[in-house]
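Participant: Pasted the sequence and its predicted model underneath.
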Amino acid sequence: MFKKILIANRGEIALRIIRTCKEMGINTVAVYSTADRDSLHVRFADEAVCIGPPPSRESYLNIPSIIAAAEITNSDSIHPGYGFLSENSKFSAICKEHGIKFIGATPEQIDGMGDKSNAKNTMKQAGVPTIPGSMGLLLDINDAKKVAAEIGYPVILKATAGGGGRGMRIVGKEEEMEAHYESASKEAEAAFSNGALYMEKYIEEPRHIEIQIAGDQYGKVCHLSERDCSIQRRHQKLLEETPSPFMTEELRNKMGDAAIKAAQAVSYEGVGTVEFLVDKHRNFYFMEMNTRIQVEHPITEEVINYDLVKEQIKIAAGISITGKNYFPNLHAIECRINAEDPYNGFRPSPGKITTLHVPGGHGVRVDSHIYAGYVIPPYYDSMIAKLITIAQTREEAISTMERALSEFVIEGVHTTIPFHMQLMKDKNFKEGNYTTKFLETFKIQ
Ligand code: MV4
């Protein structure tokens, strides 16, 4: 087992990882930017190293600084959390070169899944359902028109280096192709230095349902059921739940099997997530594979009673998994509490938390790094807490969420708490009747 893990992250996920390390008797090293010197991850880790000034580029994304911090503290491993360097193949490779175990995917797996068109081809060959579309990359506008005529409009253009919806365009008819192709490719070129596009049939009002998987170093892979992440605003998830209200036992088994196939196709080692789009007929299609621990992992942990960070560490240390699948016994919902003003276009609201009361009681978990007097820096992600409720049924998990939201007091900054309060009372949400389009028509009062 590892003796000392350096956590190359900040905020709630850094704390989350430190907690598991403490329980496992593993020493921890925090790294921090000068903006985070008063953070809880710095206080709760056994050691802490300053790695640079506030901008991420110069601190949490600064590979030489982080490797130097690992070397001077004698860390034998690095946990990257989510975001930042968690899916950076260069960083994964550099850790290896320095004899430091990267608790995450190999450079090959990261690159293989990072190129979306390539990932899709890999999955198609492995027998995982994919959305009908171009065979690989599009050559030019004429090629795009030809493929679209074959699969039928509407189609969607996607950047192969894409993510977060950038370089993505829906094309309703041939006359629109030229303009959309140009702008998608330009946007992708600017964002990812790669303007290459591929095409798919456009699926109207899909659900975003992802399967958690775990694979060990010996080829054993299991799934840990699904999370429904359809409640998103501009590709930012705001609420996740498990089980999905749209799930059936048959669909879970099929999607679980497909996710396992997907992981085996790339000899996946560690915990990961296979994202699917699910249409109204419950056809499901591979979308992306995430090779990291995800923000929403706690809802899975709570319904199957399983510490996913502990599992990540054990797998990285070479411990084998049983290989049996896990099915939910409970219902869990996560509301992301962001320092944003939901009444003003979710505009970021950094600053000092003057008053804080955190909810508790039966069926409530709060993963957060905030405290009374904490100053939310403007440089990073605006998520300040994850409020998770767990109950026997979805209805009860919603009731507990309403109760917990009403107890949550955060003063000094705007938060998304009022948004979630209203969401809990929404008729369609209560009925589990929502798709990725839901928030486009949801208006906060
Ligand atoms: C799609 C789609 C409809 N049809 N692909 C958005 C981000 C990227 N990862 C994939 N995305 C989509 N791909 C086809 N063929 C609709 C979306 C989409 C979406 C997907 C998941 C969650 C939220 C979304 C919001 C808008 C569009």
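Facilitator: Right, received. Where do you want to start?

Participant: from here on, contacts and neighbour counts on C-alpha atoms
Facilitator: Noted.

Participant: list the buried ones in the helix or strand where K22 lies?
Facilitator: Counting by DSSP states H and E, the element that carries K22 is helix 11-24. Within helix 11-24, the residues that count as buried by 16 or more other CA atoms under 10 Å are 11-21.

Participant: Could you list every helix and strand in contact with it?
Facilitator: strand 4-7, strand 27-33, helix 40-44, helix 308-316, strand 364-368, strand 383-391 (3 or more CA pairs under 8 Å, 6 or more residues apart in numbering; DSSP states H and E).

Participant: nearest to the ligand, of these?
Facilitator: strand 383-391 (18.5 Å; CA to the nearest ligand atom).

Participant: other SSEs contacting whichever helix or strand comes after the closest one?
Facilitator: The element immediately downstream of strand 383-391 (helix or strand, assigned by DSSP H and E) is helix 394-407. Packing contacts for helix 394-407, counted by 3+ CA pairs under 8 Å, 6+ apart, involve strand 331-338, strand 383-391, helix 417-425.

Participant: The second one to helix 417-425, inter-axis angle?
Facilitator: Meaning strand 383-391. 30 degrees (axes from the mean of the first three to the mean of the last three CA atoms, to 10 degrees).

Participant: partner strands of strand 383-391, parallel or antiparallel?
Facilitator: strand 331-338 (antiparallel), strand 364-368 (antiparallel) (DSSP bridges).

Participant: got a pLDDT number for G318?
Facilitator: Per-residue pLDDT puts G318 at 98.

Participant: For burial, what's the neighbour tally of it?
Facilitator: By the criterion of other CA atoms under 10 Å, G318 has 13 neighbours.

Participant: do the same with the one 3 residues further on
Facilitator: The number of residues packed around I321, counting by other CA under 10 Å, is 18.

Participant: Name all residues that make contact with the residue lying closest to E47 once chain neighbours are set aside.
Facilitator: For E47, ignoring the flanking residues on the chain, the nearest one in space by CA to CA, 6 or more residues apart in numbering is V29 at 4.7 Å. Applying CA atoms under 8 Å, 6 or more residues apart in numbering, we find V29 in contact with 4-7, 45-49, 73, 75.

Participant: same thing but at 6 Å, please
Facilitator: 6, 45-48 (CA atoms under 6 Å, 6 or more residues apart in numbering).

Participant: What subset of the residues you listed is buried?
Facilitator: By neighbour count, with 16+ other CA under 10 Å, the contacts of V29 hold 6, 45, 48 as buried.

Participant: and the last one, backbone torsions?
Facilitator: Dihedral pair for A48: phi -150, psi 140, per degrees, to the nearest 10.

Participant: wait, isn't it in contact with T28?
Facilitator: No - if you go by CA atoms under 6 Å, A48 and T28 don't touch, sitting 8.5 Å apart.

Participant: need the strands paired with strand 383-391 in TSV with mean neighbour count, distance to the ligand and mean pLDDT, can you?
Facilitator: Output for those, formatted as TSV (neighbours: other CA atoms under 10 Å; distance: least, CA to the nearest ligand atom, whole Å; pLDDT from 0 to 100):
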stretch	mean neighbour count	distance to the ligand	mean pLDDT
strand 331-338	26	16	99
strand 364-368	19	24	99
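
Participant: For those strands, give me CSV that also has distance to F192.
Facilitator: Listed next are the strands paired with strand 383-391 as CSV, based on distance: least, CA to CA, whole Å:
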stretch, distance to F192
strand 331-338, 27
strand 364-368, 31
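
Participant: Figure out which of the ones you listed is closest to I260.
Facilitator: strand 331-338 (22.9 Å; CA to CA).

Participant: who does the helix or strand that that closest one is followed by pair up with?
Facilitator: Using DSSP H and E, the helix or strand that follows strand 331-338 towards the C-terminus is strand 340-341. When sheet partners are counted by DSSP bridges, strand 340-341 sits next to strand 347-348 (antiparallel).

Participant: Who are the packing partners of the next helix or strand after the strand it pairs with?
Facilitator: Using DSSP H and E, the helix or strand that directly follows strand 347-348 along the chain is strand 351-352. Here strand 351-352 touches strand 375-376, going by 3 or more CA pairs under 6 Å, 6 or more residues apart in numbering; DSSP states H and E.

Participant: Pull the contacting residues for I170.
Facilitator: Counting by CA under 6 Å, 6+ apart, I170 touches 155-156.

Participant: If we use 7 Å, what do you get?
Facilitator: Neighbouring residues of I170 by CA atoms under 7 Å, 6 or more residues apart in numbering: 154-157.

Participant: starting at the chain centroid, how far to stretch 250-269?
Facilitator: Relative to its parent chain, stretch 250-269 has a centroid offset of 18 Å by CA atoms, centre = their mean, to the nearest Å.

Participant: Only the buried residues of that stretch, if you could.
Facilitator: Residues of stretch 250-269 classed as buried: 252, 255-264, 266-269 (neighbour count, 16+ other CA under 10 Å).

Participant: and if you look at stretch 192-211?
Facilitator: Neighbour-count burial for stretch 192-211 [16+ other CA under 10 Å]: 192, 194-203, 205-211.

Participant: re earlier: closest to Q109 among the contacts of I170?
Facilitator: Distance to Q109 across these (CA to CA) is lowest for L157, with 24.2 Å.
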